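Asks: Starting from these lines, generate the structure:
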Amino acid sequence: MSTISVRIDEALVDAARAAAKAEFRTVQGQVEFWARVGRAALDNPDLPASFIAESLMGLAEPREDSTPFVPRSNRQP
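Replies: Below you'll find the predicted structure:
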């Protein structure tokens, strides 16, 4: 993957730094994640941003770490 340098407002970088620390990402990874969420939100205006973010995080999760979906109606008490 190639990289380029871009100028970003310092306040946005500071916010990304704080969010990156909480989410265990790099600052670059956090800004890229926000960009992917924003692009998906623009492409899907009817979906909540939180749903989009959680979906993208789920897609990034390694398959061996994922758990199968079990509908509530099929769960045992």
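Asks: Which residues does the worst-scoring helix or strand of the chain on mean pLDDT contact?
Replies: Within the chain, no helix or strand scores below helix 49-60, which has a mean of 89 by mean pLDDT, DSSP states H and E. Residues from elsewhere that reach helix 49-60 (C-beta atoms under 8 Å, 6 or more residues apart in numbering): Phe33, Arg36, Val37, Ala40, Ala41, Asn44, Ser66. Heads up, the C-betas are built off the backbone N, CA and C, glycines and all.
Asks: Check those residues and tell me the two furthest apart.
Replies: Greatest spacing in those, by C-beta to C-beta: Ala41 and Ser66 (23.6 Å).
Asks: Of the two, which one has the most company?
Replies: More neighbours surround Ala41 than the other of Ala41 and Ser66, with 15 against 10 (other C-beta atoms under 10 Å).
Asks: which stretch of helix or strand covers the more buried one?
Replies: helix 27-43 (DSSP states H and E).
Asks: From the contact counts, what lies against that helix?
Replies: Packing partners of helix 27-43 (3 or more C-beta pairs under 8 Å, 6 or more residues apart in numbering; DSSP states H and E): helix 10-23, helix 49-60.
Asks: just so I know, which of those helices lies nearest Met1?
Replies: helix 49-60 (14.9 Å).
Asks: got the angle between that closest one and helix 27-43?
Replies: 120 degrees (axes from the mean of the first three to the mean of the last three C-alpha atoms, to 10 degrees).
Asks: quick one: buried residues of helix 49-60?
Replies: Ile52, Ala53 (16 or more other C-beta atoms under 10 Å).
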